[in-house]
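Asks: next one to model:
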Amino acid sequence: MEDLRLFIYRNFTVEPLFGKFKNPQFSGYDDISIPPQDFDAIIWFYQLPLDATDDGALLFIENLKNRLDLFLGYNISATVILFTLHRFFYVSYQDSSWHLSRSIADYNNYLYSLAEKHRNFKVIDLSKFAEVTNPKPLIDWKYYYISKMLINPALSGTFHEWFVKQLNAINTSRKKCIVLDLDNTLWGGIIGEDGLEGIALGTTYPGSAYKDFQKGLREAAAHGVLLALCSKNNETDVGEVFEKHPAMELKKEDFVAFRINWTDKATNIAEIAEELNIGTDSLVFIDDNPVEREMIKKLVPDVTVPDFPDQPYKLKNFLKTVYEDFFQIYKITGEDRIKTEQYHQNARRIVNSRKFASIPEYLQSLEMVIKIEPVSSFNLSRIAQLTQKTNQFNLTTRRYTETDISNFTKNGALVVCASVADKFGDNGITAVSIIKKGKNSQATIDSYMLSCRILGRGIEDAFLKALLNHLYRNNIKEIFAEYLPTRKNMQTELFYENFGFKIISQENGTKKYRVVVHNEYRIDPCYAIVSNIGKTDER
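Replies: Numbering: from 1, shown residues only. Alright, predicted model coming up:
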């Protein structure tokens with residue numbers, strides 16, 4: 001956009017506002033001579049004098065209309081951008097006088113009527129810029145008196161960024177698709193663990209904030225923005241929310257692509273782009289998890305990844321900013337309104353797989369630390385809680401109370417938990433294993449589970465390797481394990497098999513395994529293991 005050649009009509013000093021464009025030219029103050037012909041856009045940037053009385057301002061507006069009528073006689077074919085009048089400074093001496101407000105409104109309405117009559121005329125509402133200038137003042141009186149600058153020169157960069165977005169909207173240069181996470185993004189909580197009735201979505205806060213967020217997304221979709229889902233989840237759980245939750249504003253048909261699985265999101269997002277036949281630079285990825293956001297920034301850098309708000313009550317303004325920054329369009333066409341349906345048809349034709357070899361490099365960059373602790377009075381309640389609520393990555397889904405956990409330890413079982421931290425912060429205790437010791441060199445993994453919020457980074461493998469290494473160093477080399485299928489833990493069905501355990505029996509979906517450990521497992525150096533149940537700082 002900086003290559004656009006601009007000619008600006010003005011009655012103030014506005015050179016700093018347009019200084020990043022290629023050789024912009026400016027009229028003299030209050031000059032409306034015929035503009036040069038070799039410009040891409042003509043800017044009409046007349047504003048109320050800051051020292052005008054009410055009568056003087058009313059007269060100025062009337063004269064401005066006359067000037068504009070004269071300007072229309074030039075029959076300009078280039079794009080003409082008309083900035084609305086904004087009251088930058090005004091002292092009201094009587095609250096009952098509305099003449100000036102009405103006159104400003106009438107003038108701005110006149111601009112909109114011109115844009116309706118002339119296809120090359122576009123109107124930009126300058127009051128929207130005034131909304132984004134805080135905390136810097138809109139006017140710096142020092143520069144106004146020295147150089148007749150209307151807008152604070154310290155806001156020149158802010159103005160340029162904002163103005164380019166308006167030009168993008170005028171030129172229909174917008175992103176195409178919002179790719180959305182689900183848990184703690186479209187609703188509060190985790191559907192796989194909190195259940196249908198436990199997620200925050202409804203008429204009371206914080207559920208009301210998520211509901212309004214969905215309403216805003218639905219409205220964006222109605223104005224030509226494609227919506228896609230990319231979530232690490234069980235598809236049946238997600239389907240239940242869409243089908244049964246009474247507060248869901250978005251429906252499945254509002255989305256043009258779905259990736260509800262346990263594949264890394266970089267791969268899923270690349271597939272979504274290919275399925276929709278659009279570039280990854282047309283995507284905006286919205287996810288509450290900073291690790292997932294950083295992964296996309298590194299592996300699919302063309303995707304736009306805004307920071308997600310830290311509180312649900314900020315979602316409404318967040319979506320407004322996202323829309324205005326990346327999806328604002330000057331005029332919605334009939335094609336825009338049926339775009340979602342068009343993509344529903346096209347999406348089914350273009351499904352392919354793509355894998356990224358740079359995932360290990362990304363994992364290394366996270367600086368992950370897995371801290372393994374034995375059960376104690378400090379973590380007992382959390383360990384019991386995880387056995388009660390973890391559904392998705394839980395090999396046996398056995399529920400235990402604090403008393404049960406205490407009894408295990410009294411009987412010699414190894415009960416451990418792991419907290420996971422990386423450069424973005426500490427996830428806290430998010431993994432648990434209960435290992436019952438058997439005869440001689442045998443042991444059985446009774447329970448093995450991880451919170452879904454740390455899945456997708458290989459932590460499930462690293463944690464298990466650390467546990468098996470600890471057992472090996474304590475002369476326990478024959479390990480048994482079990483998979484008990486549930487409706488929600490399907491993604492773990494092949495976990496032990498992929499790890500190297502051998503099936504020793506199988507019945508009605510239940511699998512029993514055995515592995516003999518001959519050597520310590522090598523743990524990828526991208527995971528720093530700090531273990532208080534054995535050797536520390538293992539790598």
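
Asks: so which residue is dead centre in this protein?
Replies: Ile286 (1.8 Å; CA atoms, centre = their mean).

Asks: which stretches of the stretch 301-450 of the chain form helices?
Replies: 315-326, 334-337, 339-347, 359-365, 380-389, 402-410 (DSSP state H, counting those that start in this stretch).

Asks: which of those sits closest to Glu253?
Replies: helix 339-347 (7.5 Å; CB to CB). Placement of C-beta: from N, CA and C, glycine included.

Asks: any idea whether Asn75 is helix, strand or coil?
Replies: Of the three states, Asn75 takes coil under DSSP: H, G, I helix; E, B strand; the rest coil.

Asks: right, I mislabeled it, should have said Leu111
Replies: Assignment for Leu111 (three-state DSSP): helix.

Asks: ok, now which ones touch the closest residue to Val284 other than its chain neighbours?
Replies: Spatial nearest neighbour of Val284, excluding adjacent residues (CB to CB, 6 or more residues apart in numbering): Thr304 at 4.6 Å. Applying CB atoms under 8 Å, 6 or more residues apart in numbering, one finds that Thr304 lies in contact with Lys175, Asp281, Leu283, Val284, Phe285, Phe326.

Asks: circling back: how much space between the residue nearest to the centre of the chain and Phe393?
Replies: Distance, Ile286 to Phe393, using CB to CB, to the nearest Å: 24 Å.

Asks: also Thr387?
Replies: In terms of CB to CB, Thr387 sits 13 Å off from Phe393.

Asks: shared neighbours, these two?
Replies: Joint contacts of Thr387 and Phe393 (CB under 8 Å, 6+ apart) are Met449.

Asks: list the beta-bridge partners for Ile372.
Replies: Ala418, Ser531 (DSSP bridges).

Asks: residues in contact with it?
Replies: Val416, Cys417, Ala418, Phe463, Ala466, Leu467, Ile529, Val530, Ser531, Asn532, Ile533.

Asks: quick check: the third one touching Gly428?
Replies: Meaning Ala418. No. Ala418 lies out of contact with Gly428 (CB atoms under 8 Å); the separation is 10.1 Å.

Asks: with neighbour numbers in mind, choose between the two.
Replies: Counted by other CB atoms under 10 Å, Ala418 and Gly428 do not tie: Ala418 has more neighbours, with 24 against 14.

Asks: so what pLDDT did that one get?
Replies: Here, the pLDDT recorded for Ala418 equals 96.

Asks: leaving out the residues flanking it, which one is nearest to Ile8?
Replies: Using CB to CB, 6+ apart, the closest residue to Ile8 is Ile43 (4.2 Å).

Asks: what is the helix or strand where the one you found lies packed up against?
Replies: When elements are assigned from DSSP states H and E, Ile43 belongs to strand 41-45. Judged by 3 or more CB pairs under 8 Å, 6 or more residues apart in numbering; DSSP states H and E, the packing partners of strand 41-45 are strand 6-10, strand 79-83.

Asks: redo those as a markdown table? Include mean neighbour count and mean pLDDT.
Replies: Below are the helices and strands packed on strand 41-45 laid out as a markdown table (neighbours: other CB atoms under 10 Å; pLDDT from 0 to 100):
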| stretch | mean neighbour count | mean pLDDT |
| --- | --- | --- |
| strand 6-10 | 22 | 95 |
| strand 79-83 | 22 | 93 |
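
Asks: in TSV, list those strands along with distance to Tyr400.
Replies: Below are the helices and strands packed on strand 41-45 laid out as TSV (distance: least, CB to CB, whole Å):
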stretch	distance to Tyr400
strand 6-10	70
strand 79-83	67
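
Asks: mind checking which of those strands is nearest Phe501?
Replies: strand 79-83 (66.9 Å).

Asks: what lines up beside that closest one in the sheet?
Replies: For strand 79-83, pairing defined by DSSP bridges yields strand 41-45 (parallel), strand 121-124 (parallel).

Asks: kindly export it (C-alpha atoms) in PDB.
Replies: Only the C-alpha atoms of strand 79-83 are listed here, as PDB (Å, rounded to 0.1, in the frame of the first residue of the first chain):
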ATOM      1  CA  THR A  79     -10.200   6.700  -6.200                       C
ATOM      2  CA  VAL A  80     -11.400   9.500  -4.000                       C
ATOM      3  CA  ILE A  81     -11.200   9.000  -0.300                       C
ATOM      4  CA  LEU A  82     -13.400  11.300   1.800                       C
ATOM      5  CA  PHE A  83     -12.600  11.600   5.500                       C
END
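
Asks: report the angle between that strand and strand 6-10.
Replies: 30 degrees (axes from the mean of the first three to the mean of the last three CA atoms, to 10 degrees).

Asks: what residues does strand 79-83 touch?
Replies: Under CB under 8 Å, 6+ apart, the answer for strand 79-83 is 40-47, 111, 114-115, 118, 120-124, 126, 170.

Asks: related to what we said a few turns ago, okay, the strands paired with strand 79-83 in CSV with mean pLDDT, mean neighbour count and distance to Arg453 next?
Replies: Listed next are those as CSV, based on pLDDT from 0 to 100; neighbours: other CB atoms under 10 Å; distance: least, CB to CB, whole Å:
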stretch, mean pLDDT, mean neighbour count, distance to Arg453
strand 41-45, 94, 22, 48
strand 121-124, 93, 21, 43
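
Asks: okay, those strands in TSV with distance to Gln166 next?
Replies: Shown next, in TSV, are those (distance: least, CB to CB, whole Å):
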stretch	distance to Gln166
strand 41-45	11
strand 121-124	5
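
Asks: of all these, which one is nearest Arg67?
Replies: strand 41-45 (9.3 Å).

Asks: how far does the closest one sit from the chain's center?
Replies: 35 Å (CA atoms, centre = their mean, to the nearest Å).

Asks: heading C-terminal from it, find the next helix or strand.
Replies: Sequence order places helix 54-72 as the next helix or strand after strand 41-45, per DSSP H and E.

Asks: quick one: work out the angle between that next one and strand 41-45.
Replies: Using the same axes, to 10 degrees: helix 54-72 against strand 41-45 is 160 degrees.

Asks: what is the mean pLDDT for stretch 297-312?
Replies: Rounded mean pLDDT across stretch 297-312 is 96.

Asks: shaky segments in the stretch 301-450 of the chain?
Replies: 333-335, 338-339, 341-358 (pLDDT under 70).

Asks: which residues touch the residue nearest to the centre of the chain?
Replies: Ile286 neighbours (CB under 8 Å, 6+ apart): Ile178, Val179, Leu180, Asp181, Thr185, Pro306, Phe308, Val322.
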